[in-house]
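1. pasted the sequence and its predicted model underneath.
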Amino acid sequence: MRDRSSQLKAVKCVLVLTFLLIFASRAFGQLTANPSTINFGNVPLGTGATQSVAIANSGGQSLNLSLAGITGTGFSSSGLASPVTLSPGQSLNVTVVFSPQSAGTATGGISLTYNGAFRHHDRRTNNTSVLTVSLSGTGTSPGLLVANPGSVSFGSLLVGNSQTQAVSLTNSGGTSVTVSQATTQGSGFSVSGLTLPVTLPAGWSTSFTVIFAPQAAGAGNGNIAFASNASNSTLNLPLSGSGMAPSSLSPIPAGLNFGNVQTGNNQTLPGTVTNSGGSSVTVTQVAVTGSGFTVNGLNLPLALAPGQSSPNFNVVFAPQSAGAVSGTLSLTSNASNPTLNIPLFGTGVTPGALSANPSSLSFGNVQVSNTQTLSETVTNVGGSSVTISQDTLTGAAFSVTGLNPPVTLTSGQSITFGVIFTPSSAGSASGNQAVASNASNPTLNIPLSGTGTAAGQFTVTPASLAFGNVVVATSASLLAQLSATGTSVTVTSANLSSSEFTLSGLSFPVAIPAGNNVQFTVTFTPQATGAASGTVSFASNASNSPVLSLSGTGTPTSIHSVFLSWTASTSSDVIGYNIYRGAGSAGPYSKINSSLNAGTTYTDNSVVDGQTYCYVSTAVSSNNEESAYSSPPQQAVIPAP
């Protein structure tokens, strides 16, 4: 029993000792890191990756902690304010960042120093320890999209054909790239075999086809814009190509017009043809239609490369007769237009010839020292141009205006000029106008004739007009006439010296043949009482200038009037009456009504006191025919004032 009791005590002591040892171990400081190793994996260049490390004091004593250092390119840390004291069970987070500076694997570490009470060989000691956290990561380059080839050139291609070229897209970066869109620009360009979106891991490629099918001739440019999440978010692939028209012959000029060519002569015009297409052409045959047309200088067969022109050839027009001619120059080749027709035009014309209209000029009678001008027209009635080189006149009385050689007249063209006759003496005169030119009739003669006459004279009858007494503000009219003798006289104007007298019945200019006369009316309208006088002078081509003298007396308004009545005309055609007044029964009489009197009564309010008047009337028909004066005249004596 004693032994067993001793054994139990011994066990109990061991247990107590173990407990004390464990308790003593936990009583000292212990620093741990979680995790103790950090791997950032792949991190693209230009970016950063972050991870946290939990640093904990798992012991029973406080620990003084500080950052000893961080190694490895691209690694950094934050969150540790050094030094820091961690109580038992306390922890803190340290942030670690990996920002790779170049592609490839990087390694490093964080070293943390701490000190406190530790058990060492069953003894309590104070010393400094280091805790290390291992770091690693790999820097990767970003995705980069590259096209191969970098541009696509199709060169020249005939319109209506198509051509393809293969292109590849490669992700030459370190991360995957997704191509989301491809936009094609440019007429005739398209893409085949590219299905979007497409994701390319690092180093992977995809291929597709670019197609060029030109729709028209000429250079064309285009582009394919690839949109992706690569570092170059838009990749442009330039496209170029040129459309060529099929081989085609075109003429220069499009047609040949020779215009007017005189019969017996010829004219030559040059021409050429150009291959305006994209392939070679060979001209094998030429033919000409149309009278008078021929061709030379075109050697067959003629091969023309694209864009090449033929040497100049000549088309000749030699008309055999007058008139318009048309024809065709036809070229046969292997072009897309196998027969090229070039229209030809020309007109054969007769030699130029001059014609005068009128063929002669007769001026008739022209007063000496006066002039008369007649128009003459000369026309080129031939088919080619004519140049008038000289104009010669004979006859001293004749001259020309408006014709100044040299003058060129095309076919059908005319020139009109004036020929002037200025006789210096009475009698017949003759002359000639000779028009010299290079026409088929080199001298065109135009005979000239005229007669000079002595200057005419004219007279005014009577030489004076006396109106007598006329009530102020009323009018009295008297007749006079102009007569011509010798030759015809033209009166161009009349001038009155007093405003109380007016002239009517003449429209200037007025021509009076020799031996004839014209009648006119002078009206006296006094504006005040008393005697009035004036003259009428005439401008004319006569050798003399007669003057008509005028006189009259304005009298106060009369207090008397004369009432007239007469028996109506029995004619059914009468539409009214005129009333005339004179100083005596023999006249002369002047009409006193201003307008046709419809009835058979009239009152004359313009009489002068103390005067005697005689009155007559006439009937006027619907044809404006006036009867003779009524008879006998009726007399009225106005009492003196």
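-> Cool, the structure landed.
2. now the strands: where do they sit in the stretch 51-200 of the chain?
-> Ranges of strands in the stretch 51-200 of the chain, per DSSP state E, counting those that start in this stretch, are 63-71, 75-78, 84-86, 91-98, 104-119, 124-140, 145-148, 152-158, 163-171, 177-185, 189-192, 198-200.
3. ah, wrong one, I meant the stretch 501-641 of the chain
-> With DSSP E, counting those that start in this stretch as the criterion, the stretch 501-641 of the chain has strands at 501-504, 510-512, 517-524, 530-540, 547-555, 562-565, 574-582, 589-591, 601-604, 612-621, 634-637.
4. P83 is nearest to which of those strands?
-> strand 530-540 (139.4 Å; Cβ to Cβ). The way it works is simple: take the backbone N, C-alpha and C, and place the C-beta from them, glycine included.
5. and that closest one, what does it pack against?
-> strand 457-461, strand 489-496, strand 501-504, strand 547-555 (3 or more Cβ pairs under 8 Å, 6 or more residues apart in numbering; DSSP states H and E).
6. residues in contact with the third one?
-> Same thing as strand 501-504. Applying Cβ atoms under 8 Å, 6 or more residues apart in numbering, the contact partners of strand 501-504 are A494, L496, F520, T521, V522, T523, F524, T525, A532, G534, V536, L550.
7. pLDDT wise, what is the third one at?
-> Looking at F520, its pLDDT reads 95.
8. bridged to it, which residues?
-> On the basis of DSSP bridges, F520 is bridged to A480.
9. contact partners for it?
-> So F520 contacts L479, A480, Q481, L482, L503, S504, G505, L506 (Cβ under 8 Å, 6+ apart).
10. if we ignore the residues flanking it in sequence, what's nearest S411?
-> G383 (5.2 Å; Cβ to Cβ, 6 or more residues apart in numbering).
11. shouldn't that neighbour be within a helix?
-> No - G383 sits outside any helix when classified using DSSP: H, G, I helix; E, B strand; the rest coil, being coil.
12. where's it relative to A33, distance?
-> Using Cβ to Cβ, to the nearest Å, we find G383 at a distance of 120 Å from A33.
13. looking only at neighbour counts, state which of those two leads.
-> Neighbours per residue (other Cβ atoms under 10 Å) separate G383 from A33, with G383 holding more: 22 against 19.
14. pretty sure the more buried one is touching S321, no?
-> No - G383 is not in contact with S321 according to Cβ atoms under 8 Å; the separation is 10.9 Å.
15. anything in contact with each of these two?
-> T263, G348.
16. hang on, the earlier thing: out of the helices and strands packed on strand 530-540, nearest to N593?
-> Closest among the helices and strands packed on strand 530-540, using Cβ to Cβ: strand 501-504, at 16.1 Å.
17. low-confidence ranges, the stretch 101-250 of the chain, go.
-> 116-126 (pLDDT under 70).
18. would you map the helices across this structure?
-> According to DSSP state H, the chain carries its helices in the segments 2-26.
19. could you list the low-confidence segments of it?
-> For the chain, applying pLDDT under 70 flags the ranges 1-28, 68, 82, 116-126, 558, 641.
20. and stretch 413-432, how far from the chain's centre?
-> Distance, stretch centre to chain centre, for stretch 413-432: 52 Å (Cα atoms, centre = their mean, to the nearest Å).
21. right, and the strands of the stretch 51-200 of the chain - which one's nearest I559?
-> Checking these against I559 by Cβ to Cβ gives strand 177-185 as the closest, at 112.8 Å.
22. what packs against the closest one?
-> strand 189-192, strand 198-200, strand 218-228.
23. of these, which is nearest S172?
-> Of the helices and strands packed on strand 177-185, nearest to S172 by Cβ to Cβ is strand 198-200, at 9.7 Å.
24. within the sheet, what are the partner strands of that closest one, with directions?
-> Counting by DSSP bridges, strand 198-200 is paired with strand 177-185 (antiparallel).
25. next, the angle strand 218-228 makes with the partner strand.
-> Strand 177-185 runs at 160 degrees relative to strand 218-228, counting by axes from the mean of the first three to the mean of the last three Cα atoms, to 10 degrees.
26. check which residues of strand 177-185 are buried.
-> When neighbours are counted by 16 or more other Cβ atoms under 10 Å, the buried residues of strand 177-185 are found to be V177, T178, V179, A182.
27. just give the nearest non-adjacent residue to the first one, would you?
-> Nearest-residue entry for V177: G143, 3.7 Å, with adjacent residues in sequence omitted and distances by Cβ to Cβ, 6+ apart.
28. so for T37, which of the strands of the stretch 51-200 of the chain sits nearest?
-> The nearest among the strands of the stretch 51-200 of the chain, by Cβ to Cβ, is strand 124-140 at 4.4 Å.
29. just the CA trace of the closest one, in CSV.
-> Provided in CSV are the C-alpha atoms of strand 124-140 (Å, rounded to 0.1, in the frame of the first residue of the first chain):
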residue,chain,number,x,y,z
ARG,A,124,13.8,33.0,-19.2
THR,A,125,15.7,35.2,-21.6
ASN,A,126,15.2,38.5,-23.5
ASN,A,127,16.4,38.6,-27.2
THR,A,128,15.4,39.6,-30.8
SER,A,129,14.0,37.3,-33.4
VAL,A,130,13.1,37.7,-37.1
LEU,A,131,9.9,36.5,-38.8
THR,A,132,10.1,36.1,-42.6
VAL,A,133,7.2,35.9,-45.1
SER,A,134,8.2,34.6,-48.5
LEU,A,135,6.8,36.6,-51.6
SER,A,136,6.6,35.5,-55.3
GLY,A,137,4.7,36.6,-58.4
THR,A,138,4.9,36.7,-62.2
GLY,A,139,4.8,39.9,-64.4
THR,A,140,2.9,39.4,-67.6
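30. enumerate the positions of it that are buried.
-> Buried-residue list, strand 124-140, by 16+ other Cβ under 10 Å: L131, V133, L135, S136, G137, T138, G139, T140.
31. repeat that for stretch 46-66.
-> A49, V53, I55, A56, N57, G59, G60, Q61, S62, L63, L65.
32. save those as a markdown table, and put in distance to S151 too.
-> Converted to a markdown table, the buried residues of stretch 46-66 look like this (distance: Cβ to Cβ, whole Å):
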| residue | distance to S151 |
| --- | --- |
| A49 | 38 |
| V53 | 52 |
| I55 | 58 |
| A56 | 62 |
| N57 | 66 |
| G59 | 70 |
| G60 | 74 |
| Q61 | 73 |
| S62 | 71 |
| L63 | 67 |
| L65 | 62 |
